[in-house]
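Q: what follows is a predicted protein model with its sequence.
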Amino acid sequence: MIPEDEPIVVFDGICNLCCGIVKFLIRIDKKKKLRFVPIQSYNKNSKTVINNPDTIILKYKGEQYQKSDAALKIFYIIGNPWKYFQFAKFVPRIIRDFIYDLIAGNRYKIFGMRDECLIPDEEIKSRFIQ
């Protein structure tokens, strides 16, 4: 079951870029605030289905954040010094999301994709929702 009260990062589990970003977030999230679930597993285990794998999604306290808003909120949740990326909110969302969409739309071409979803090792397995 997908918890509703903790910050859950939903990501494309077969995207090399997305998996790399998740590994980076796990490394910098020293207080282990974030939990992760590939969109492929999320859609099997949740009441709601996410149809757009081209965006990272943060579900937190009844809210759903996407694209650049999700990235900024994730860094805010992680805390210092990462929370200072909030200054990027001064850039209009339409510009932030345009850049996000440009990268997301080409991520398989540039970074490749996996044959199967990211399988967490024992060290980080507790951070993932099965």
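A: Yes, it's here.
Q: quick check: F85 touching L72?
A: Yes - applying Cβ atoms under 8 Å, one finds F85 in contact with L72, separated by 5.9 Å. The way it works is simple: take the backbone N, C-alpha and C, and place the C-beta from them, glycine included.
Q: who has more neighbours, those two?
A: Between F85 and L72, L72 has the larger neighbour count (other Cβ atoms under 10 Å), namely 21 against 15.
Q: and that one, what does it touch?
A: L72 sits next to F85, Q86, A88, K89 when contact means Cβ atoms under 8 Å, 6 or more residues apart in numbering.
Q: hmm, try it at 10 Å
A: Going by Cβ atoms under 10 Å, 6 or more residues apart in numbering, L72 touches L58, Y65, W82, K83, F85, Q86, F87, A88, K89, R93, R96.
Q: test for you: state the pLDDT assigned to the third one.
A: Same thing as W82. Looking at W82, its pLDDT is 88.
Q: show me what contacts it?
A: Counting by Cβ under 10 Å, 6+ apart, W82 touches L25, I28, D29, L72, I74, F75, Y76.
Q: most neighbours of all those, which one?
A: I74 (23 neighbours).
Q: so how far is I95 from the nearest residue to I78 once chain neighbours are set aside?
A: Spatial nearest neighbour of I78, chain neighbours left out: D29 (5.1 Å); criterion: Cβ to Cβ, 6 or more residues apart in numbering. Distance, D29 to I95, using Cβ to Cβ, to the nearest Å: 27 Å.
Q: and D12, how many neighbours?
A: Quick note: D12 (other Cβ under 10 Å) scores 26 neighbours.
Q: buried ones in whichever strand or helix holds K109?
A: Under the criterion of DSSP states H and E, K109 resides in helix 107-111. Neighbour counts over helix 107-111 (16 or more other Cβ atoms under 10 Å) mark R107 as buried.
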